[in-house]
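# Mind looking at a prediction? Sequence and model below.
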Amino acid sequence: MRMPNGLSFICGVVTGALLCAGLAAVWAAPNPQTGRKSTSKIVLENDRVRVKEAVFAPGDTNAGMHTHDLPHVGVVIDGGTLKFNYPDGKTETMDLPRGGVGYREANVTHQPINPGREPVKVIEVEIK
């Protein structure tokens with residue numbers, strides 16, 4: 001049995017729309033393999049403080065183990081969850097709400113990883 005031309009056309013349009021919607025959803029979904037990298041840049045430095053903007057990209061495991069040589073205050077700009085790996089093998093997962101504030105002593109060594117789907121942004125104020 002042959003489908004009427006109008007119905008055939010409508011089925012083709014619906015199929016095309018569903019295909020496009022599915023592709024758009026896949027392309028819009030954050031993907032850790034897209035090459036987004038975590039960044040840290042100094043935005044202010046003087047003889048008393050060093051201020052950094054740190055952005056932790058979703059799924060980026062290349063941030064690497066590093067040591068903060070100065071005590072610092074962190075102010076969360078864009079919240080999320082960070083997992084911290086420590087040299088002794090321990091881990092810590094922290095929920096960082098937007099507007100949250102925290103303090104860490106000097107000589108903390110860790111590797112931060114963002115397991116979420118959105119970047120986490122923190123302003124770090126290192127005290128000299």
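In hand now; what should we look at?
# Would you state the strands of the chain in chain order?
39-45, 49-56, 66-68, 72-78, 80-85, 91-96, 101-104, 108-113, 120-127 (DSSP state E).
# Need the ones you listed in a markdown table (columns: mean neighbour count and mean pLDDT).
For every residue, glycine as well, the C-beta is placed using N, CA and C. Converted to a markdown table, those look like this (neighbours: other C-beta atoms under 10 Å; pLDDT from 0 to 100):
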| stretch | mean neighbour count | mean pLDDT |
| --- | --- | --- |
| strand 39-45 | 12 | 97 |
| strand 49-56 | 18 | 98 |
| strand 66-68 | 13 | 95 |
| strand 72-78 | 17 | 98 |
| strand 80-85 | 18 | 97 |
| strand 91-96 | 13 | 98 |
| strand 101-104 | 13 | 97 |
| strand 108-113 | 18 | 96 |
| strand 120-127 | 19 | 98 |
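# Provide a list of residues in contact with the residue nearest to residue 73 when sequence neighbours are not counted.
Using C-beta to C-beta, 6 or more residues apart in numbering and skipping residues adjacent in sequence, the residue nearest residue 73 is residue 125, 4.7 Å away. Going by C-beta atoms under 8 Å, 6 or more residues apart in numbering, residue 125 touches 49-51, 72-75.
# For residue 125, name its beta-bridge partners.
Residue 125 forms beta bridges with residue 51, residue 73, as assigned by DSSP bridges.
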